[in-house]
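**Q** Give me the fold of what follows.
(one chain, ligands or ions: 1)
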Amino acid sequence: MLKRLLGKASPILGHRSDWLGLCQLCRQPCDEQALLCHWCLQTLHQPLCRCRLCAAPLPEHIKAEEQICGRCQRRPPPWQRLQVIGDYLPPYPTLIPRLKYAGQILLAPPLAHMLADHLDLAQPPEVILPVPLHWWRQWRRGFNQAEELASTLGKITAIPCDNRLIQRTKATPQQTSLSAGQRRRNLRGAFQIAPHAYRHVALLDDVVTTGATAGRLTRLLHESGVERVEVWALCRTLRHIKPG
Ligand SMILES: O=P(O)(O)OC[C@H]1O[C@H](OP(=O)(O)OP(=O)(O)O)[C@H](O)[C@@H]1O
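**A** Next comes the predicted model:
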C-alpha cells in the first residue's frame, strides 16, 4: 500500500531518462546533475560536530578527540564510530522512502555524495559492507538501497565494497514496524558472516534508528575478527541509540 501511494505521489526515477529536469524536492526546473536544485541541496547539509559513537549533535567548539556525548561515555554502543550526514529530519523523510519504497534509485548517488562530504576519512576502513536485504525482499524491491549507496561511495572514496561478506539468511519483518526490543529480537540468527581477513570495516545502512541492526552486525563482525567497526548511514533518528 505504502509503495503504491508513494509511487503515485512521486515520479518513477529508476533511469536517467525518467528525470524530467525538475528538482526532486521543489519541482522547479533544475540543471543539476544531482537531481536537486542548488537551494534544496543546501537543505541536505547538517552540522558536522557530532558524537563519535552515536552521532548526536554536539556544540561546535568541542575538540575532535573529546567528541563523545555523556550518554555514550556511560554506555557506549558496540561499534567504534558512527558517521552520518545528520538527523532524520526533512528533507530526508521524503527522500529516503522514495529511494527505498518508490524505486527512485537515481537518488542514491546524490545522497551518497552528501554522505561522503560529511565523512571523516582520516583513518579509512579497508572495505565498505552494505547491510544486506534478504534475497526475497531484494527481489521484490529490485535492488538493495545500501548496495546502491555503497557503489557510489566506493567510487568517491576509492574504498572497495564487499556485497557478499554478510549474508541475510533469515527473512525477518521490517524493523520499521517494531519497538526497540522487538527490533533486537527480530534480528536473532538473521545474518551470517563469510570467512575474511578484514580488521577495519565500514558497515553501511540507509538509516540507524535504535541501532539494533548495526549493533547485531557489529558484534558478529567483532566475533569474526574485525577490530574496528565504523557504521556509516545517511541519517540517525533523534532517539538515543540503545547500547545492547
Ligand atoms: O537501527 P534499527 O532500529 O535496526 O533500524 C534501522 C534499520 O531499519 C530499516 O530497515 P528495515 O528492516 O525496516 O527494512 P527495509 O530496508 O525494507 O526498510 C533500515 O533500512 C535499517 O536497516
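**Q** How many residues are close by the nearest residue to I159 once chain neighbours are set aside?
**A** Nearest non-adjacent residue to I159, counting by CB to CB, 6 or more residues apart in numbering: I128, 5.4 Å away. Just so you know, the C-beta spots here come from the backbone N, C-alpha and C atoms, and that holds for glycine as well. I128 has 25 neighbours, counted by other CB atoms under 10 Å.
**Q** Next: T43.
**A** 14.
**Q** next one: L220
**A** Neighbours of L220 (other CB under 10 Å): 16.
**Q** got the residues of this structure near the ligand?
**A** Neighbours of the ligand within the chain, by CB under 6 Å from any ligand atom: 100, 131, 137, 174-176, 183, 205-213.
**Q** buried sites along the helix or strand in which the residue nearest to I159 is found?
**A** Secondary structure assignment for I128, by DSSP states H and E: strand 127-130. Under the neighbour-count criterion of 16 or more other CB atoms under 10 Å, strand 127-130 has 127-130 buried.
**Q** Stretch 38-49 too?
**A** 40-41, 44, 46.
**Q** List the contacts of it.
**A** For stretch 38-49, contacts defined as CB atoms under 8 Å, 6 or more residues apart in numbering pick out 23-26, 30, 32, 34, 36, 57-60, 62, 67, 85-87, 89-92, 110-111, 114, 117-118.
**Q** Drop anything exposed from these.
**A** Buried by 16+ other CB under 10 Å: 23-25, 30, 34, 36, 57-58, 67, 85-87, 92, 110-111, 114, 118, out of the contacts of stretch 38-49.
**Q** Quick check, pLDDT for the residue lying closest to L153 once chain neighbours are set aside.
**A** If the residues on either side of it in the chain are set aside, L153 comes closest to A112, at 4.7 Å by CB to CB, 6+ apart. Model confidence at A112, given as pLDDT, is 97.
**Q** Thought T157 was touching A112, still the case?
**A** No - contact status for A112 versus T157: not in contact, 9.7 Å apart, counting by CB atoms under 8 Å.
**Q** More neighbours: the two, which one.
**A** Shown here are A112 and T157; by other CB under 10 Å, A112 has more neighbours (23 against 18).
**Q** Unless I misread the structure, that one falls within a helix.
**A** Yes - under DSSP: H, G, I helix; E, B strand; the rest coil, A112 falls within a helix.
**Q** Just grab the bridge partners of D87 for me.
**A** R236 (DSSP bridges).
**Q** ok, it - contacts?
**A** D87 touches 46, 57, 235-238, counting by CB under 8 Å, 6+ apart.
**Q** With R199 instead?
**A** 126, 225-228.
**Q** At which residues are the strands of this structure located?
**A** Using DSSP state E, the strands of the chain run over residues 81-87, 127-130, 166-168, 191-193, 200-208, 228-236.
**Q** So the residue located most distally from the centre of the chain versus L35, what's the distance?
**A** When distances to the mean C-alpha position of the chain are computed (CA atoms, centre = their mean), the maximum falls on P29, with 28.5 Å. According to CB to CB, to the nearest Å, P29 and L35 sit 12 Å apart.
**Q** Between these two, which contacts overlap?
**A** The contact sets of P29 and L35 overlap at C23 (CB under 8 Å, 6+ apart).
**Q** wait, what's in contact with T152?
**A** T152 sits next to 108-109, 112-113 when contact means CB under 8 Å, 6+ apart.
**Q** In JSON lines, list these along with distance to V201.
**A** Listed next are those as JSON lines, based on distance: CB to CB, whole Å:
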{"residue": "A108", "distance to V201": "20"}
{"residue": "P109", "distance to V201": "22"}
{"residue": "A112", "distance to V201": "17"}
{"residue": "H113", "distance to V201": "21"}
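**Q** just these now: which is nearest C51?
**A** A112 (22.6 Å; CB to CB).
**Q** what residue ranges in this protein score low on pLDDT?
**A** Applying pLDDT under 70 to the chain flags the ranges 1-12, 14, 17, 32, 64, 238-244.
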